[in-house]
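In: Please find the sequence and the predicted model below.
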Amino acid sequence: MSKKVSLFIRLGIIGVWICLVFILVYRYYISGVKFSPLQKLSEEQFKKSEEWFGVYSQDRKIGYMKTSSEKIGDEYRFTQSGKTDFNTDEGKRITGSSQFKCLTDLEYRIKTFEFERRSGEEYFKSYGELDEDNLLLVFLETGEKKSTRTLEIQGQLYLPVTVKHMLFAQGLEKGKLFKVPVLDVFSLEVEDEIVEVRDLIPIKTGINVSTTYVLKIGESYSWISDGGIVLKEKDPSGRLYLSESENSAKSKEYNRIFDFLSIPVIKADKQLSYPDDLSYLKIRLSGLKVSEYPLLNGGRQVLKGDFLEINREKVESLKELTYKLPYKGKDKDINFFLKPTPFVHSDHHTIIYNADKFVALEKNAFRLARFLTANLYLTITKRPMFQIGTAMDVFNYPAGEGKESTVLFTAFTRAGGLPTRMVGGLVYIKGHFYFHIWPEVWIDQWVPADPSMGQFPANVTHIRLVEGDLDELVSHAEIIRDVKIDIMEAL
C-alpha cells in the first residue's frame, strides 16, 4: 500500500471518530426535544415546503397527491395536484386528476383560487377572486357550459389546503376546539368545520422525540408533525393519504404499510438521565407472556421470571473476540445470517461493491460494525416512514428510522461476510419505551448495533423480543400494547 493511500485511510478513520464525538456532544448538550402541549409555528417555517402522499383505499394504492406552499412577499401561494384510479358502477377503470392553486394574504385569507378536475370524459373548472368589498366572483366551466357566481363573504374564509397553517399559527393544545368556515371549491358552499385537537403523540426519530398532533377536521382526521408536516390523513370514505417520497408516491406498486402512528408507546415509571452511559439495567416486565418470546433470554439479556437483566458488552472484550472478515465458521445457524432475503439485498451488485470497499478499509468484524453504525447514522436522514422498504430502496432514498437503517446495515454486513440478524423489541428514549428494530452482529455472541441512534454496542435500554425479516418484525409491533415496564435498577 502506498503512503498516500495509507494516509488517506488514516484520515478517513479520524474523520469518522470526529463525527462520533460530534454525535455524543449533540446528544447530551444540543438535541433535547421537549414534548410540548402547545406549538406555534412562525411564518418562516411555512416559507416554502413540498409534500408528497400515496393515496390508498381498502389496502390498495390508487394514486398520489402533491401539495406545496410558498411565501412570496406578503402572500402565500398554495398548490395541490394528484391522480387517482377508481372503478365506475359499470366496472370501468377511470383515472381522475385534479389541480388546485390559490393565493392568500399572510393571515391565509383568500385572494384568488383556481380548481380543475378531470374524470374520464367529465371536466370541471372554477376560478375565484375576492374583491375589496368581500365579494367573491367565481367563474365556472363544466364541459362546454360556462357561468359565473358571486358570493358575499362574511368575515374570514379558509380553503381546505390552508386550514392547517391557520391552526398552527394560533397554537395547538389537546382538547382545543376551533370553528373554521371553509369554502368547498367544487360546490361553492361554505361550511363551518369543527376542528378538535384529539391527541398529542410522541414519535421517535433517531435519538430524538417529536410531537404529532391528531386533528379531527369535520369528519376527517389529520396527523401533523410539530414541524407542520402532514404525515397522514383519513377522509370520511376511509381513503388514506400517507406521507411518502416523490418516487414512492408516484409508484403504482403497493408496499406493505407500517403505521408507526398507531403503535403504542409505553411511559416509563422512572426517568433515565443518561441511558447511553449505563452498563446494566434491570426491569420487570408485565402484560407479556415471556414464555412465548425465547429471545428475551440469551446473550446480554438474562431473564429470571418477570425480571430481565441486561448487561452491555465491553468494547475491549469485543476487540479481543473480533475476527478477520469474511466469517469462516461452520455453524449452520450462524451462516444462515449471511444469506440474502426479499428485504436484505446482500446479493445485489451495488451492495456487494460498497461492502467490499468497507471491508477493505475496516477488515474485521468489530471495526466494520462500528464503521457502518456511524456511517449510516450520519447519512440516513431521520424521518419515520410508512413503507416497509428493501435495502436497495433505502440505498436509493437514504431516509428513514430504525427499520430502514437496520435493513441497509444488514445488507452491507452480510455482503461483507459478517453474520447479522435483525431483531425487534423496545428501546427507551426520553421517558418512554418505543417499538424499535435494530441489527445484531456475530462476534462470538450476538452484539446489538443501532445505526439509527449511532450506538455500537447499543445501549442497555434495547430490549430484544423477536428476530426475523423486516415484514415479520413489524408484524410484532402490536405485542407491546399491554406491556408495562418497571425500572428496578440502572447502573
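Out: That came through, no problem.
In: And stretch 292-301, what's buried?
Out: Within stretch 292-301, the residues scored as buried using 16 or more other CB atoms under 10 Å are Tyr293, Leu295, Leu296, Arg300, Gln301. The C-beta positions use only the backbone N, C-alpha and C, and glycine is treated the same way.
In: Ile241 pairs with what?
Out: That one is not Ile; residue 241 is Tyr. Beta-bridge pairing for Tyr241 (DSSP bridges): Val55, Glu233.
In: how distant is stretch 125-141 from the center of its chain?
Out: 40 Å (CA atoms, centre = their mean, to the nearest Å).
In: And that stretch, what's buried?
Out: The neighbour-count check on stretch 125-141 (16+ other CB under 10 Å) flags Lys125, Ser126, Tyr127, Gly128, Leu130, Leu136, Val138, Leu140 as buried.
In: Quick check: the second one touching Val185?
Out: Spelled out, it's Ser126. Yes: if you go by CB atoms under 8 Å, Ser126 and Val185 touch, sitting 5.7 Å apart.
In: on that earlier part again, for the buried residues of stretch 292-301, which two are the farthest from each other?
Out: Spanning the widest gap among the buried residues of stretch 292-301 are Tyr293 and Arg300, at 15.3 Å by CB to CB.
In: on that earlier part again, among the buried residues of stretch 292-301, which are in strands?
Out: Under the assignment DSSP state E, those contribute Gln301 to strands.
In: Any chance of a markdown table for the buried residues of stretch 292-301, columns pLDDT and distance to Ile463?
Out: Listed next are the buried residues of stretch 292-301 as a markdown table, based on pLDDT from 0 to 100; distance: CB to CB, whole Å:
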| residue | pLDDT | distance to Ile463 |
| --- | --- | --- |
| Tyr293 | 95 | 10 |
| Leu295 | 96 | 10 |
| Leu296 | 96 | 8 |
| Arg300 | 97 | 10 |
| Gln301 | 97 | 8 |
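In: ok so, going back, mutual contacts of Ser126 and Val185, please.
Out: Shared contacts of Ser126 and Val185 (CB atoms under 8 Å, 6 or more residues apart in numbering): Phe113, Phe115.
In: Which residues are in contact with Arg300?
Out: Shown in contact with Arg300 (CB under 8 Å, 6+ apart): Ile310, Asn311, Arg312, Glu313, Gln445, Val447, Pro448, Val460.
In: Widest-spaced pair of those residues?
Out: Using CB to CB, those span at most 15.1 Å, a distance reached by Gln445 and Val460.
In: Mind checking which of the two has more residues around it?
Out: A direct count of neighbours by other CB atoms under 10 Å for Gln445 and Val460 places Val460 higher, at 27 against 14.
In: That one is in contact with Glu313, isn't it?
Out: No: applying CB under 8 Å, one finds Val460 not in contact with Glu313, separated by 9.8 Å.
In: Closest to Ala374 out of the buried residues of stretch 292-301?
Out: Arg300 (20.9 Å).
In: how much space is there between that closest one and Gly96?
Out: Using CB to CB, to the nearest Å, Arg300 is found at 54 Å from Gly96.
In: Give me the pLDDT for the closest residue to Met453 other than its chain neighbours.
Out: Of all residues beyond its chain neighbours, the one nearest Met453 is Ile207 (5.1 Å), with distances taken as CB to CB, 6 or more residues apart in numbering. pLDDT, Ile207: 90.
In: oh, and call the first residue 35 from now on, that's how I've got it
Out: Sure, I'll start counting at 35 from here, so that last one is Ile241.
In: Export stretch 213-228 to PDB, keeping only CA atoms.
Out: Extracted in PDB, the C-alpha atoms of stretch 213-228 (Å, rounded to 0.1, in the frame of the first residue of the first chain):
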ATOM      1  CA  LYS A 213     -64.800  26.700  14.300                       C
ATOM      2  CA  VAL A 214     -63.400  27.200  10.800                       C
ATOM      3  CA  PRO A 215     -65.500  28.500   7.900                       C
ATOM      4  CA  VAL A 216     -64.300  26.500   4.800                       C
ATOM      5  CA  LEU A 217     -65.100  27.000   1.100                       C
ATOM      6  CA  ASP A 218     -65.700  23.900  -1.000                       C
ATOM      7  CA  VAL A 219     -64.300  25.000  -4.400                       C
ATOM      8  CA  PHE A 220     -66.400  22.300  -6.200                       C
ATOM      9  CA  SER A 221     -69.900  23.100  -4.700                       C
ATOM     10  CA  LEU A 222     -69.000  26.700  -3.700                       C
ATOM     11  CA  GLU A 223     -70.700  26.000  -0.400                       C
ATOM     12  CA  VAL A 224     -69.300  27.500   2.800                       C
ATOM     13  CA  GLU A 225     -69.500  25.200   5.900                       C
ATOM     14  CA  ASP A 226     -68.300  25.700   9.400                       C
ATOM     15  CA  GLU A 227     -65.900  22.900  10.100                       C
ATOM     16  CA  ILE A 228     -65.400  21.900  13.800                       C
END
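In: Buried residues of that stretch, list them for me.
Out: For stretch 213-228, a neighbour-count test (16+ other CB under 10 Å) marks Val214, Val216, Leu217, Val219, Glu227 as buried.
In: Can you name the two of the residues you listed that sit furthest apart?
Out: The two members of the buried residues of stretch 213-228 with the most space between them (CB to CB) are Val214 and Val219, at 15.3 Å.
In: related to what we said a few turns ago, any chance of a markdown table for the buried residues of stretch 213-228, columns secondary structure?
Out: Below are the buried residues of stretch 213-228 laid out as a markdown table (DSSP: H, G, I helix; E, B strand; the rest coil):
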| residue | secondary structure |
| --- | --- |
| Val214 | strand |
| Val216 | strand |
| Leu217 | strand |
| Val219 | coil |
| Glu227 | strand |
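In: Among those, find the lowest-pLDDT one for me.
Out: In terms of pLDDT, the lowest of the buried residues of stretch 213-228 is Val219, showing 85.
In: distance of that one from Lys180?
Out: Counting by CB to CB - Val219 and Lys180 are separated by 17 Å.
In: Point out where this protein drops to low pLDDT.
Out: Filtered on pLDDT under 70, the chain yields the residue ranges 35-82, 122-125.
In: Domain-wise, how is it divided?
Out: 77-287, 297-524 (automatic domain parsing).
In: out of those, deepest packed?
Out: The highest mean neighbour count among the domains of the chain, using mean count of other CB atoms under 10 Å, belongs to domain 297-524: a mean of 19.
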